[in-house]
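**Q** let's see this in three dimensions:
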Amino acid sequence: MIPLRPRLVIPVLALVVLVCVLLLGGYVRGDFEADHRVHPPVATDKVPEAVLDGGPVVDPTGDRPRSYRTPDRTIALTFDDGPDPVWTPEVLDVLRRQKVKATFFVTGSNAARHPDLIRRMVREGHEIGVHTFAHPDLVYQSPGRIDRELSQTQLALAGAAGIHSSLFRPPYSSTADALDDLSWPVVQQLGRKGYVTAFIDQDAEDWRRPGVQAIVDGSLPKKPGKGAIVLMHDAGGDRSQTVAALDRLIPLLKGRGYRFETVGEAVGASSTNHPVAGAELWQGRMFVAAVELSEAAVPALAVLLAGVGVLVLARFAAMLLLARRHARRRRAPGFRWGPAVTEPVSVIVPAYNEKECIAHTVNSLAAGEHPIEIVVVDDGSSDGTADIVEALGLPGVTVVRQPNSGKPAALNNGVAHARNDLIVMMDGDTVFEPATVRELVQPFADPRVGAVAGNAKVGNRNRMIGRWQHIEYVMGFNLDRRMYDLMRCMPTIPGACGAFRRDALRDVGGMSDETLAEDTDVTMALHRAGWHVVYQERARAWTEAPSTVRQLWKQRYRWSYGTMQAMWKHRGAVLDRGHSGRFGRVGLPLVVLFQVLAPLLAPLIDVFAVYGLVFMDPFRTAVAWAAVLGVQAACAAYAFRLDGERLRDLWPLPLQQVLYRQLMYLVLLQSCITAINGGRLGWHKLRRTGEVGTPPVAAGSER
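**A** Reported below is the predicted structural model:
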């Protein structure tokens with residue numbers, strides 16, 4: 001289990017908050033559990049005759065339901081489904097200009113998204129009614145769902161304007177005589193909760209957009225002088241005809257002696273909107289604030305997702321193009337670094353408690369094809385690592401013992417004891433192929449080359465986590481190194497397999513302990529000193545990758561944090577000239593983009609995929625996610641082909657993208673938090689198993 005420390009809890013909470021924001025946004029926008037069913041007409045046996053024959057306002061709160069008719073020459077304009085950020089303000093402008101009050105039956109989702117419009121309605125004297133939260137036909141909903149539709153809408157009203165409404169209109173309702181045996185029990189349930197239900201006398205049918213005059217005609221009372229509750233809409237589509245019709249209808253009815261009132265005023269109610277205070281008010285404000293955060297976050301996240309897409313595709317395109325060019329150039333029949341390098345090499349092996357692996361490491365070096373001396377620096381091991389090496393009795397092997405001082409100090413000590421000018425450094429859990437050292441030092445035929453990065457591979461692939469790292473090493477690290485090599489801005493020589501000129505190391509002061517990524521630090525320092533750093537694909541090293549999530553977390557946390565330290569340390573390269581300036585203005589930005597920003601934002605692809613499956617078109621979302629995976633698979637297949645790896649080892653790739661990417665995101669986010677708050681991170685020693693014995697050269701590795 002990974003320990004639950006604050007720096008781990010914070011990134012996990014950040015991911016949870018992101019998911020909650022997306023869930024809230026999808027729910028409020030009505031994409032989740034959207035139910036557009038409308039029940040067909042059924043019998044009316046259970047509906048009281050007084051209700052069917054009565055007026056449009058039904059009060060079922062008492063022992064006996066009562067109904068109210070609209071008084072003569074009284075018009076109550078009502079607007080359903082809002083508020084809408086485009087059309088509701090225009091409707092309110094007309095009403096203010098005509099000095100008319102109206103009743104707005106709002107949905108809780110729209111009220112929470114546009115609280116400023118609710119506040120304006122209340123401020124200008126209009127009446128607010130409840131029209132459910134998500135606009136479902138309540139006949140199909142359970143009592144619990146009905147309660148949620150009401151309570152969530154009241155929560156939105158409390159947060160938006162500090163009010164509670166006792167006036168209700170069911171979605172898809174019309175006149176009171178349209179009540180039936182399915183809808184009447186719903187009205188009764190609402191009555192037990194204190195709601196008065198308002199139906200209509202006239203339906204303007206503006207939702208059909210029949211034309212301005214048709215809307216005016218449909219809003220007029222059927223009999224001259226009769227009162228009417230008129231249904232219109234201020235949301236749900238283009239309501240320009242409704243706005244235009246209002247400007248004609250109101251003066252027309254005023255000219256005929258009609259007065260305009262809210263529904264509550266028309267039936268003699270003192271007030272249907274009541275102020276709220278205390279816990280209900282603050283709960284509402286928190287809910288509206290959360291919705292506003294979601295409304296702002298979702299578009300911002302969509303923009304970030306687009307940026308991630310551009311970064312990912314740009315990286316893939318660059319890797320494919322440049323890696324292909326790199327492979328063609330290095331594999332061309334006439335390519336030579338220069339005269340063959342045959343001089344002896346010193347191999348430095350820093351070791352701290354490596355008893356499981358060290359014998360395999362030293363034996364693999366002793367079986368090499370190139371003349372070498374082996375310097376094993378025991379960094380204060382307590383498990384007999386140095387004794388194991390000495391017991392091997394191999395010629396040309398020197399064991400240097402030192403108190404535990406850290407890997408950089410061990411490497412520097414090894415260089416001090418080395419007799420040769422070409423230095424190879426490797427980890428104590430790594431094994432070399434017989435030709436690795438010979439291939440690794442051939443680029444030194446070019447006097448400009450100060451260091452060479454080898455081709456590190458995962459040797460323990462028998463578990464899923466090892467298979468994921470194998471894909472990452474081949475696709476992410478080695479394909480990247482080809483690109484960086486061609487652009488002359490290699491950021492890291494892997495600690496598992498790298499070679500240096502002694503003069504180059506002397507120029508940069510040796511290995512530094514100022515960062516936790518001494519390999520990245522020294523590579524950047526070499527660029528700043530004017531040395532070239534290249535990649536040698538044929539120099540293969542097989543390393544033991546972490547075999548548990550806990551071990552992987554520790555390793556990548558150190559890598560990520562150390563890389564950030566190295567970038568900050570060498571930030572001055574941006575202003576340098578020559579080779580150092582090129583690295584600063586090309587290499588450092590690429591590291592920031594592809595090793596920090598892109599991995600940090602990459603989980604958005606998966607988060608939005610889940611969001612799309614739940615809230616949007618699942619088929620189109622699945623196709624889009626599959627397309628992204630297809631691009632990654634194509635790049636991975638090409639990388640495997642370049643490295644001579646078996647394509648069938650790519651089968652864990654989809655699962656890697658779903659799970660492994662989230663783990664790397666959490667590691668990187670934790671590293672960023674550590675860097676921001678200035679925390680210090682210690683060296684995390686990984687437990688070894690000794691699984692990588694002899695170099696596991698697969699068929700097809702030789703090209």
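
**Q** residue 535 is in contact with residue 493, correct?
**A** No. Taking C-beta atoms under 8 Å as the definition, residue 493 is not a contact partner of residue 535, at 9.1 Å. From N, CA and C alone the C-beta is placed, and that goes for glycine too.

**Q** quick check: neighbours shared by the two?
**A** Taking C-beta atoms under 8 Å, 6 or more residues apart in numbering as the contact rule, residue 493 and residue 535 both touch 452, 453.

**Q** poorly predicted segments of the stretch 1-150 of the chain, please.
**A** Filtered on pLDDT under 70, the stretch 1-150 of the chain yields the residue ranges 1-12, 14-15, 29-36.

**Q** and the helices in it?
**A** Per DSSP state H, counting those that start in this stretch, the stretch 1-150 of the chain carries helices over the ranges 6-28, 49-52, 87-98, 108-113, 115-123, 143-161.

**Q** who wins for proximity to residue 480 among those helices?
**A** helix 6-28 (24.1 Å; C-beta to C-beta).

**Q** now the helices: where do they sit in the stretch 601-703 of the chain?
**A** When secondary structure is read from DSSP H, counting those that start in this stretch, the stretch 601-703 of the chain shows helices at 603-615, 618-642, 653-655, 661-676.

**Q** now mean pLDDT, mean neighbour count and distance to residue 474 too, for the ones you listed, in TSV please.
**A** Conversion of the helices of the stretch 601-703 of the chain to TSV gives the following (pLDDT from 0 to 100; neighbours: other C-beta atoms under 10 Å; distance: least, C-beta to C-beta, whole Å):
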stretch	mean pLDDT	mean neighbour count	distance to residue 474
helix 603-615	75	18	21
helix 618-642	84	16	5
helix 653-655	85	15	11
helix 661-676	76	19	16
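
**Q** pipe those helices into TSV and attach distance to residue 390 per row.
**A** Conversion of the helices of the stretch 601-703 of the chain to TSV gives the following (distance: least, C-beta to C-beta, whole Å):
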stretch	distance to residue 390
helix 603-615	48
helix 618-642	40
helix 653-655	44
helix 661-676	38
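
**Q** which among those helices is found nearest to residue 350?
**A** helix 661-676 (23.5 Å).

**Q** about what we covered before: quick one: closest of the helices of the stretch 601-703 of the chain to residue 383.
**A** By C-beta to C-beta (comparing all of the helices of the stretch 601-703 of the chain), the closest turns out to be helix 661-676, at 27.8 Å.

**Q** which elements pack onto the closest one?
**A** helix 6-28, helix 549-569, helix 598-601, helix 603-615 (3 or more C-beta pairs under 8 Å, 6 or more residues apart in numbering; DSSP states H and E).

**Q** which residues touch stretch 202-209?
**A** Taking contacts as C-beta under 8 Å, 6+ apart, the residues outside stretch 202-209 that touch it are 174, 214-215, 218-222, 228-233, 236-239, 241-242, 245.

**Q** ok so, going back, among the helices of the stretch 601-703 of the chain, which is nearest residue 170?
**A** With C-beta to C-beta, the closest approach to residue 170 among the helices of the stretch 601-703 of the chain belongs to helix 603-615: 25.2 Å.

**Q** for the closest one, packing partners?
**A** Packed on helix 603-615, when contacts are counted by 3+ C-beta pairs under 8 Å, 6+ apart, are helix 6-28, helix 278-331, helix 618-642, helix 661-676.
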